[in-house]
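In: Here's a sequence, model it:
(one chain, ligands or ions: 2)
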Amino acid sequence: MFKKVKGFRDIFGDDIAYWELVEAKFKEIFPRFCYSEIKIPVLEKSELFVRGIGETTDIVEKEMFTFQDRDGSYLSLRPEGTASVVRAYIENKLYEPPSIKKYYYYGPMFRRERPQKGRFRQFYQLGVEAFGSESPLLDAEIIYLLYYFLNSFDLGDFLKMEINSIGCPDCRPKYKEKLIDYFKANIDKLCDDCKRRLDRNPMRILDCKIDSCKEVVKEAPIILDNLCDVCNEHFEKLKGYLRQFGVNFEVNPYIVRGLDYYVRTAFEMVTDKLGASSAVGAGGRYDGLIKDLGGPDIPGIGFAIGVDRLVELLKLKKEIKAFDVDVYVITFEDFTEIAINVCSDLRNLGIKTSLSYDLGSIKSEMKKANRLNAKYVIIIGDDEVKTGEFAVKNMETGEQIKLSKEKILEFFKNR
Ligand code: ATP
Ligand code: MG
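Out: Ligands and ions are numbered 1, 2, ... in the order given. Modelled structure (predicted):
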């Protein structure tokens, strides 16, 4: 017996109905904002993530699935999408001719974290990236897109939009010094992870999920009091535009991005329904990243939604059943040709139709139809072929009627 790898999972049955709902929605909504799809590889050179995400992040420090290829090079399963989209943008010179470029991607990401509610080692992200503008109007629109998309599932009361500015290379270093001074004075109250973070990436302490650290963080200096004029103006404008878009938001000065390349705008759509896994979608501006990875100095901004978490929320909100079989057609050895024709006609109408392949007794085939949750059964047997009228049984009500082939098609066309 083979077992799946820890933290990985199979998704099937009724769950698939939720995934399909999400997939259909984003394919409909994202193009309305002029985002086009980009398909990126699941495997990249490890160095891309080390450079693009940052050596001192949790992801690079301890979460990547990395292995050595036969030629000695190091490869990693992608832990997120932004680094790859930026690589593709640079490698394919998508910045030419200069204009705003907007992409979305969807697919599995891999992080070697401790599995728990809403946290898996393979999970799915749906993300967008927009390149080519520094304007806070773009920040506002992208936050609106996240808000609008998630609210299209009627999850309004489960979700809250929180925004912050995390400064820029002009103001952040000075703020970090203040923060280090403050945390040094309180070092004995911090967890071991945070003690390590203090030297390497002190802002990450603001994001620690441990209660004793959260207490210390409450009194810490906040970035919003320490922004430079440029960042301040950007943030003020952003808030104004968000109001014009009609986004309900709160300012949360403790939002940080785990990833080093973010500047100014950071935002999260959070829920209190999934335990410690509170962010359903998160994003921010990363103006230095494209240049850092060897491309031109072009600004970027994006977000990623955790689809597994979104699906968990949808399951709390409403029950959807994956109704796999609309019609189960029961037939016997001599009538397969008629049955095949009926199936084809129904399928051409878009009806989910299954055939009784084993050609068994009516009783045993009825049982199979029941187990498949078929909504209707059509019987094509001796009597039916003689009279030209087929029995159509509604499996929910038990009601049975006789209809000619033409009438059957009409019947299901109207359903
Ligand atoms: P968290 O603080 O929950 O660890 P993160 O900051 O690591 O999140 P991002 O890198 O911003 O997450 O990824 C964007 C989104 O991807 C998250 O908001 C979340 O919904 C989802 N996500 C991240 N890691 C996981 C995981 N291990 N399992 C399921 N979803 C995840
Ligand atoms: Mg994480």
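
In: What backbone torsions are found at Asp69?
Out: Geometry field for Asp69 lists phi and psi as phi -80, psi 170, criterion degrees, to the nearest 10.

In: give me every residue that touches the residue nearest to it when sequence neighbours are not counted.
Out: Leaving aside its sequence neighbours, Asp69 sits nearest to Leu75 (Cβ to Cβ, 6 or more residues apart in numbering; 5.3 Å). C-beta coordinates here come from the backbone N, C-alpha and C atoms, glycine included. By Cβ atoms under 8 Å, 6 or more residues apart in numbering, the residues touching Leu75 are 43-46, 66-69.

In: Show me which of those are buried.
Out: Applying 16 or more other Cβ atoms under 10 Å to those, the neighbour count classes 44, 46 as buried.

In: In terms of pLDDT, where does the residue in the stretch 251-400 of the chain that ligand 1 sits nearest to sit?
Out: Scanning the stretch 251-400 of the chain for proximity to ligand 1 using Cβ to the nearest ligand atom identifies Gly306 as nearest, at 2.1 Å. What the model reports as pLDDT for Gly306 is 97.

In: Start at 504, not 1
Out: Right, with 504 as the first residue, what we last looked at is Gly809.

In: what sits against it?
Out: If a contact means Cβ under 8 Å, 6+ apart, then Gly809 has 621, 626-628, 780, 782-784 as its contacts.

In: now Asn851
Out: So, once contact is read as Cβ under 8 Å, 6+ apart, Asn851 ends up touching nothing.

In: cool, and Ile793?
Out: Residues in contact with Ile793 (Cβ under 8 Å, 6+ apart) are 589, 592-593, 634, 799-803.

In: what about it, which SS state?
Out: Under the three-state scheme (DSSP: H, G, I helix; E, B strand; the rest coil), Ile793 adopts helix.

In: Just confirm Ile882 contacts Phe893, I think it does.
Out: Yes. Taking Cβ atoms under 8 Å as the contact criterion, Ile882 and Phe893 are neighbours in contact, 6.3 Å apart.

In: Grab the nearest non-local neighbour of the residue nearest in space to the middle of the chain.
Out: Centrality entry for the chain: nearest residue to the mean C-alpha point is Val810, 2.9 Å, by Cα atoms, centre = their mean. The spatially closest residue to Val810, leaving aside those adjacent along the chain, is Tyr627, at 4.0 Å (Cβ to Cβ, 6+ apart).

In: Quick check: phi and psi on the one you found?
Out: phi -110, psi 130.

In: Which other helices and strands does the strand or helix carrying Glu913 contact?
Out: Assignment of secondary structure by DSSP states H and E places Glu913 within helix 908-916. On a contact count with 3 or more Cβ pairs under 8 Å, 6 or more residues apart in numbering; DSSP states H and E, helix 908-916 meets helix 839-851, strand 892-897.

In: Which strand or helix spans the residue lying closest to Phe748 once chain neighbours are set aside?
Out: On the basis of Cβ to Cβ, 6+ apart, the spatially nearest residue to Phe748 that is not a chain neighbour turns out to be Tyr647, at 4.2 Å. Tyr647 belongs to helix 639-654 when assigned by DSSP H and E.

In: Averaged pLDDT, that helix. What do you get?
Out: Computed over helix 639-654, the mean pLDDT rounds to 98.

In: can you list the residues of the stretch 704-853 of the chain near ligand 1?
Out: Listed as neighbours of ligand 1 in the stretch 704-853 of the chain under the rule Cβ under 6 Å from any ligand atom: 761, 780, 782-785, 807, 809, 811-812.

In: Near Met869, how many other residues are there?
Out: The criterion is other Cβ atoms under 10 Å. On that basis, Met869 has 19 neighbouring residues.

In: Could you do Leu649 as well?
Out: Here the neighbour count serves as a burial measure; for Leu649 (other Cβ under 10 Å) it reads 23.

In: Spit out the contact partners of the residue in the stretch 604-753 of the chain that ligand 1 sits nearest to.
Out: Nearest residue of the stretch 604-753 of the chain to ligand 1, counting by Cβ to the nearest ligand atom: Phe626, 3.3 Å away. Phe626 makes contacts with 611-612, 614, 809-811, as judged by Cβ under 8 Å, 6+ apart.

In: Would you agree it falls within a strand?
Out: Yes. The assignment for Phe626 is a strand, going by three-state DSSP.

In: Tell me the bridge partners for it.
Out: The residues paired with Phe626 through beta bridges, assigned by DSSP bridges, are Met612.

In: Can you check what pLDDT the model gives it?
Out: Here the pLDDT value assigned to Phe626 is 98.

In: cool, and Tyr521?
Out: What the model reports as pLDDT for Tyr521 is 96.

In: Figure out the helix or strand that it lives in.
Out: With elements delineated by DSSP H and E, Tyr521 resides in helix 517-532, which encompasses its position.

In: Following the chain past that helix, name the next helix or strand.
Out: Moving toward the C-terminus from helix 517-532, the next element (DSSP H and E) is strand 539-540.

In: winner for burial among the helices and strands packed on helix 908-916?
Out: Counting by mean count of other Cβ atoms under 10 Å, strand 892-897 has the highest mean neighbour count of the helices and strands packed on helix 908-916, with a mean of 18.

In: what residues does that one touch?
Out: Contacts of strand 892-897 from elsewhere in the structure, counted by Cβ under 8 Å, 6+ apart, are 845, 878-883, 887, 902-908, 911, 914.

In: got the angle between that strand and helix 839-851?
Out: Taking axes from the mean of the first three to the mean of the last three Cα atoms, to 10 degrees, one finds strand 892-897 and helix 839-851 inclined to each other by 50 degrees.
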